[in-house]
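S.K.: the sequence and its predicted three-dimensional model are supplied below.
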Amino acid sequence: MFKFNKTVIFALVILMILSVLAGCGNKTASTEPKQDQNSQTNQGQSSQQGTDNSGQNTASEDDIIQKIKNSGKLVMATSADYPPYEFHDISGGKDEITGFDVDIARAIAKELGVQLEIKDMAFDGVLPALLAKKVDIAIAAFTITEERKKSVNFSEPYLDGGQQIVTYKGSGIKGKEDLKGKTIGVQLSTTGEAEAKKIEGAKLKQFDRVDAVMLDLMNKRVDAAIVGSVVADAYLKLNPDKFEKAGDKLNSEQNGIPVRKEDTKLLEVVNKVLKDLKDSGEYDKLVQKWFVDFKPVEKK
């Protein structure tokens, strides 16, 4: 009996120990962490869904970014008659609008993950088309002015300069005061032409292309040229033994990209793309491509 009772008691003790160990094992392998993990996942999914739902809710008709992505294209208005900023290139046997501004527009479209669609129109119709929401964005070498800022917001300047006198090495011209009686080469309908007309006693020789202006200057068929400072810097960098600047810039100009005032999200994207282009060095490549290396095809 004692022996039986002792055996029974021993067995009970073993069972109690196993029970305790089993209990500890269940706690270690508790479902609580799994429940927490599932909860976090669910919460994460709920949170993600909430964000998505929130994003969808905010993607109203006024959300220009969502509208562009939904349409799959960024519609750009320009006036493709201003090489090398934007112009019709027919050299490849087909009519293609290309140029410095177009490459920037393509970078913006790429950032948005959409295609670029270009609508060509008269320059004086570009901003009205933007304000009437017929296009998403307008890029046409716009100079930032206080008057335009009343109706649109501008991006950070993407071309910062002004008009600059350039002359050939050894001309003796040091500034605009030396241009009286001299011949100045200018591009038609530009602010460079406008500045040249202000110089008393100077003669003007107009060209429809900047490269033609600089070619005449290189061959000393004109005494000086007035071109955009970005263009001047590019030509001087490429031909340091041929050209030199004469004096300071004649004025100060900045090009910017106008967007509708309510399209603040699009403005953020545009500014990000411009910054990324400059930080990566791609901007300098575009300046070289369009303001130095560009050689337009002669019209027949």
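M.R.: In hand now; what should we look at? Being a predicted model, the structure only gives us computed values, none of them experimental. Residues are numbered from 1 along each chain as shown.

S.K.: could you report the pLDDT at the residue lying closest to Ile108 once chain neighbours are set aside?
M.R.: Setting aside the residues directly before and after it, Ile108 is nearest to Val273 in space (Cβ to Cβ, 6 or more residues apart in numbering), at 5.0 Å. For glycine as for every other residue, the C-beta is placed from the backbone atoms N, C-alpha and C. Val273 carries a pLDDT score of 98 in this model.

S.K.: tell me the contacts of Val273?
M.R.: Listed by Cβ atoms under 8 Å, 6 or more residues apart in numbering, the contact partners of Val273 are Ile104, Ala107, Ile108, Glu111.

S.K.: quick check: it is in a helix.
M.R.: Yes - note on Val273: a helix contains this position according to DSSP: H, G, I helix; E, B strand; the rest coil.

S.K.: pLDDT weak spots in the stretch 1-150 of the chain?
M.R.: Where the stretch 1-150 of the chain drops to pLDDT under 70, the residues are 1-62.

S.K.: all strands for it, in order.
M.R.: Remark: strands of the stretch 1-150 of the chain, listed N- to C-terminal, are 73-78, 81-82, 86-89, 96-98, 115-120, 137-138; assignment by DSSP state E, counting those that start in this stretch.

S.K.: okay, these, which one's buried deepest?
M.R.: Burial among the strands of the stretch 1-150 of the chain, expressed as mean neighbours by mean count of other Cβ atoms under 10 Å, is greatest for strand 137-138, which shows a mean of 26.

S.K.: other SSEs contacting whatever helix or strand comes next after it?
M.R.: Scanning the chain past strand 137-138 towards its C-terminal end, the next helix or strand to appear is strand 152-154 (assignment: DSSP states H and E). For strand 152-154, the helices and strands in contact under the criterion 3 or more Cβ pairs under 8 Å, 6 or more residues apart in numbering; DSSP states H and E are helix 126-131, strand 258-260.

S.K.: run through who's touching the shortest one.
M.R.: When you say that, I think you mean strand 258-260. Outside strand 258-260, the residues that touch it by Cβ under 8 Å, 6+ apart are 64, 127, 130-131, 133, 137-138, 142, 148, 152-155, 266-267, 270.

S.K.: just give me the closest of the residues you listed to Glu177.
M.R.: Proximity of the contacts of strand 258-260 to Glu177 was ranked by Cβ to Cβ; the top entry is Phe142 with 31.5 Å.

S.K.: ok, now which ones touch the closest one?
M.R.: The neighbourhood of Phe142, defined by Cβ under 8 Å, 6+ apart, consists of Arg148, Phe154, Asn255, Gly256, Ile257, Pro258.

S.K.: and these as CSV, adding neighbour count?
M.R.: Putting the contacts of Phe142 into CSV (neighbours: other Cβ atoms under 10 Å) gives the following:
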residue, neighbour count
Arg148, 15
Phe154, 20
Asn255, 22
Gly256, 24
Ile257, 29
Pro258, 25
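
S.K.: out of those residues, the closest to Val222 would be?
M.R.: Asn255 (25.4 Å).

S.K.: contacting residues for the closest one?
M.R.: Listed by Cβ under 8 Å, 6+ apart, the contact set of Asn255 reads Ala141, Phe142, Thr143, Ile144, Pro157, Tyr158, Leu159, Asp160.

S.K.: the third one against Glu253, yeah?
M.R.: Looking back up the chat, that one is Thr143. Yes - counting by Cβ atoms under 8 Å, Thr143 sits close enough to Glu253 to count as a contact (5.3 Å).

S.K.: just to revisit the earlier point, pull out the buried members of the contacts of Val273.
M.R.: Using 16 or more other Cβ atoms under 10 Å as the burial test, the contacts of Val273 include Ile104, Ala107, Ile108 as buried.

S.K.: out of these, which one sits closest to Lys220?
M.R.: Of all the buried ones among the contacts of Val273, Ile104 has the smallest distance to Lys220: 35.1 Å, by Cβ to Cβ.

S.K.: now do the contacts for that closest one.
M.R.: With contacts defined as Cβ under 8 Å, 6+ apart, the neighbours of Ile104 are Ile139, Tyr158, Ile257, Val273, Leu274, Leu277, Leu286.

S.K.: do Pro157 as well
M.R.: Here Pro157 is in contact with Ile144, Gln254, Asn255, Gly256 (Cβ under 8 Å, 6+ apart).
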